[in-house]
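Q: okay, here's the prediction I keep looking at, along with the sequence it came from:
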Amino acid sequence: MTILFVHSGADLYGASRSLLRLSSRLVKDGVGVLVLLPFDGPLRDALARSGVTVRIEPTLTVVTRANLRRFREFAALPFLAIRSVRRVLR
C-alpha cells in the first residue's frame, strides 16, 4: 500500500513539519509514502532523507489568500483544481 500526500508548500514550518514526522514514521513502519509538492524547497530534501518518495508537480493548483482576493483567479480555481486532479490521477 502507498499513501499519497499532496502538500501546498515546501517550507519547513508547522504543517510541513507535521507531514515530515507523519510520513517518516509511516516509512519506518513499512508503508509506502509518496508526497507531491508544487515546487522544490527544504521539505523535499528532509522527506527524501527520511526515505519518502517525493515528486515535484508544478501544475498543482495551490489556493492562497492572494488568489482568493482576485476575482479572475478565484473564478479559475475550480477549473485549475480539475486539471490538478487529472494530473495526479495520471
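A: Received it, and whenever you're ready, just let me know what you need. If you're wondering where the values come from, they're calculated on a predicted model, not measured in any experiment. Residues are numbered from 1 along each chain as shown.

Q: can you pull out the helices in the protein?
A: For the chain, the helices defined by DSSP state H occupy 14-28, 42-49, 65-69, 71-89.

Q: residue 51 touches residue 24, doesn't it?
A: Yes: contact criterion C-beta atoms under 8 Å: residue 51 and residue 24 qualify, at 7.4 Å. Bear in mind the C-beta positions are built from the backbone N, C-alpha and C, glycine included.

Q: between those two, which one's more packed in?
A: Higher neighbour count among residue 51 and residue 24: residue 24, with 17 against 13, using other C-beta atoms under 10 Å.

Q: which residues touch that one?
A: Going by C-beta atoms under 8 Å, 6 or more residues apart in numbering, residue 24 touches 47, 50, 51, 52.

Q: swap the cut-off to 10 Å and go again
A: By C-beta atoms under 10 Å, 6 or more residues apart in numbering, residue 24 lies in contact with 33, 46, 47, 49, 50, 51, 52.

Q: ok, of the residues you listed, which come out buried?
A: Buried members of these, counted by 16 or more other C-beta atoms under 10 Å: 33, 46, 47, 50, 52.

Q: just the closest of those to residue 62, please.
A: Nearest to residue 62 among these is residue 47, at 17.6 Å by C-beta to C-beta.

Q: do you know how far the residue sitting furthest away from the middle of the chain is from residue 77?
A: Ranked by distance from the centre of the chain (C-alpha atoms, centre = their mean), the top residue is residue 71, with 24.7 Å. Noted for residue 71: a distance of 11 Å to residue 77, by C-beta to C-beta, to the nearest Å.
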